[in-house]
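J.: test case, fold it:
(one chain, ligands or ions: 2)
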Amino acid sequence: MLPFARVTIIGIGLIGSSIARAVRASMPGARLTGYDADADVRETATRIQLFDDVTDTPGASVIDADLVIFCVPVGAMGDAAAAIAEDLPADAIVSDVGSCKADVVRALTEALPGATIIPAHPVAGTENSGPESGFASLFHGRWCIVTPPEGAPDFAVARVSEFWRRLGAEVETMAPDHHDRVLAITSHLPHLIAYTIVGTASDMEEVTQSEVIKFSAGGFRDFTRIAASDPTMWRDVFLANREAVLDMLQRFSEDLSALQRAIRWGKGDELFDLFTRTRAVRRSIIDQGQDDPAPDFGRTHE
Ligand SMILES: NC(=O)c1ccc[n+]([C@@H]2O[C@H](COP(=O)([O-])OP(=O)(O)OC[C@H]3O[C@@H](n4cnc5c(N)ncnc54)[C@H](O)[C@@H]3O)[C@@H](O)[C@H]2O)c1
Ligand SMILES: O=C(O)C(=O)C[C@]1(C(=O)O)C=C[C@@H](O)C=C1
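T.: Ligands and ions are numbered 1, 2, ... in the order given. Below you'll find the predicted structure:
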């Protein structure tokens, strides 16, 4: 049996369109409806036939839905939810895919009082945006973290978890605040560092912009992929997960200062010990079969 028979996706970008493609592939009996605030995106989604229906208003997209998933930037969750409040069926389950959770749970609960809200975060993505950048296999073998608010009904958590398993993800449940601290170090800070390195390189006076591009080595190139990620999405993530990110940044700055001192005073042993530990982390990720295929995402799929 399908976990949901009528799925509505609000926000048809990389993640919304990937969910639509993955639902088509793994739950072909489900009816799919989409809505996006941008008329050009709605037109593209219609042209490439991602949905059974793309509606012109948010309310019309949810009228008979049994699952509504918000796939908009985290700063837009509250407004997007308020726009469907009057039309949301009483028994529908509401979810989202936002990259941080505590702030999103607050925004959705405020906009949809009384609704069953089961937030989730697929930890899978690319630096690309928009309806044409999605692909059905994006969630295969990746984690989806479900973050039910206190008191959320077990049956609803089970159905949302089953939905994500059908899309190929492995599901883990976590409290929203804890999710935000974990992702601050594993996803948000790495993006901040990438934005900084690429920003610093592009501001150099003694090394020209064309030299940076021409001689960019593997390490720098990897950072440029991450630093090409969507500006709206990431602005919103840093503002919404401010406290956890600032905490991790403080810790990171202290560790960076220690490294700076080790280099200044020629403490090769300290550098060697750290690099040995970090190499072991990379090896454990690979041993767990979680090496990230992301550099090819969006280019080799569909
Ligand atoms: N990109 C990733 O790698 C990734 C991974 C996991 C989760 N996420 C989360 O998924 C969400 C969507 O990210 P994305 O990468 O798909 O972004 P995207 O920019 O590709 O798509 C977002 C879409 O939302 C639409 N939108 C904005 N405000 C709206 C509103 N009020 N009502 C309806 N539509 C609206 C935009 O027009 C756009 O088409 C974000 O919350 C992000 O944090 C992203
Ligand atoms: O591989 C990438 O491009 C990503 O940045 C994906 C990534 C991440 O791993 O940090 C980014 C944000 C999300 O919320 C989930 C996944």
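
J.: sec struct for the nearest residue to Ile145 once chain neighbours are set aside, please.
T.: Leaving aside its chain neighbours, Ile145 sits nearest to His121 (4.8 Å; criterion: C-beta to C-beta, 6 or more residues apart in numbering). To be clear about C-beta, it is placed using only N, CA and C from the backbone, and glycine gets the same treatment. Using DSSP: H, G, I helix; E, B strand; the rest coil, the structure places His121 in strand.

J.: what about His121, distance to ligand 1?
T.: Using C-beta to the nearest ligand atom, to the nearest Å, His121 is found at 6 Å from ligand 1.

J.: that residue contacts Gly98, correct?
T.: Yes. The criterion here is C-beta atoms under 8 Å, and His121 meets it with Gly98 at 6.5 Å.

J.: middle-most residue in this protein, spatially?
T.: By C-alpha atoms, centre = their mean, the chain has its centre lying nearest to Ser99, at 4.4 Å.

J.: ok, now which ones touch the nearest residue to that one once chain neighbours are set aside?
T.: With sequence-adjacent residues excluded and distances taken as C-beta to C-beta, 6+ apart, Ser99 is closest to Val237, at 5.0 Å. Neighbouring residues of Val237 by C-beta atoms under 8 Å, 6 or more residues apart in numbering: Val74, Ser99, Cys100, His188, His191.

J.: intersect these with the contacts of ligand 1.
T.: Val74, Ser99 (C-beta under 6 Å from any ligand atom).

J.: where does Glu302 land on pLDDT?
T.: Note on Glu302: pLDDT of 39.

J.: helices or strands up against the helix or strand of the chain with the lowest mean pLDDT?
T.: Sorted by mean pLDDT, DSSP states H and E, the helices and strands of the chain end with helix 209-214, the least confident at a mean of 78. Here helix 209-214 touches helix 189-203, going by 3 or more C-beta pairs under 8 Å, 6 or more residues apart in numbering; DSSP states H and E.

J.: check the offset of the helix it packs on from the chain's centre.
T.: The gap between where helix 189-203 is centred and where its chain is centred comes out at 19 Å by C-alpha atoms, centre = their mean, to the nearest Å.

J.: quick one: buried residues of that helix?
T.: If you call a residue buried by 16 or more other C-beta atoms under 10 Å, then helix 189-203 has these buried ones: Leu189, His191, Leu192, Ile193, Ala194, Tyr195, Ile197, Val198, Ala201.

J.: next one: stretch 161-169
T.: In terms of neighbour count (16+ other C-beta under 10 Å), stretch 161-169 has its buried residues at Ser161, Phe163, Trp164, Arg166, Leu167, Gly168, Ala169.

J.: and the two most separated of those residues?
T.: Using C-beta to C-beta, the buried residues of stretch 161-169 reach their maximum pairwise distance at Ser161 and Gly168, which is 13.2 Å.

J.: can you list contacts of stretch 76-85?
T.: For stretch 76-85, the surrounding residues in contact (C-beta under 8 Å, 6+ apart) are 10-11, 37, 58-59, 61-62, 68, 70, 72, 94, 96, 98, 104, 107-108, 110-112, 236.

J.: restricted to helices, list the buried residues of stretch 161-169.
T.: Among these, the members falling in helices are Ser161, Phe163, Trp164, Arg166 (criterion: DSSP state H).

J.: save those residues as JSON lines, and put in distance to ligand 1 and pLDDT too.
T.: Shown next, in JSON lines, are those (distance: C-beta to the nearest ligand atom, whole Å; pLDDT from 0 to 100):
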{"residue": "Ser161", "distance to ligand 1": "17", "pLDDT": "98"}
{"residue": "Phe163", "distance to ligand 1": "15", "pLDDT": "98"}
{"residue": "Trp164", "distance to ligand 1": "12", "pLDDT": "98"}
{"residue": "Arg166", "distance to ligand 1": "18", "pLDDT": "98"}
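
J.: just the CA atoms of stretch 137-155, as PDB, please.
T.: Output in PDB follows, covering the C-alpha atoms of stretch 137-155 (Å, rounded to 0.1, in the frame of the first residue of the first chain):
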ATOM      1  CA  SER A 137      18.000   9.000  -7.800                       C
ATOM      2  CA  LEU A 138      19.000  11.900  -5.600                       C
ATOM      3  CA  PHE A 139      17.900  10.300  -2.400                       C
ATOM      4  CA  HIS A 140      19.200   6.800  -3.000                       C
ATOM      5  CA  GLY A 141      21.300   5.500  -0.200                       C
ATOM      6  CA  ARG A 142      21.300   9.000   1.500                       C
ATOM      7  CA  TRP A 143      20.000   9.800   5.000                       C
ATOM      8  CA  CYS A 144      16.600  11.500   5.500                       C
ATOM      9  CA  ILE A 145      16.400  12.900   9.100                       C
ATOM     10  CA  VAL A 146      12.800  13.100  10.300                       C
ATOM     11  CA  THR A 147      12.400  15.600  13.200                       C
ATOM     12  CA  PRO A 148       8.900  15.300  14.700                       C
ATOM     13  CA  PRO A 149       7.900  18.000  17.200                       C
ATOM     14  CA  GLU A 150       7.000  16.800  20.700                       C
ATOM     15  CA  GLY A 151       3.600  15.000  20.800                       C
ATOM     16  CA  ALA A 152       3.600  14.200  17.000                       C
ATOM     17  CA  PRO A 153       1.400  11.100  16.400                       C
ATOM     18  CA  ASP A 154       3.500   7.900  15.800                       C
ATOM     19  CA  PHE A 155       1.400   6.800  12.800                       C
END
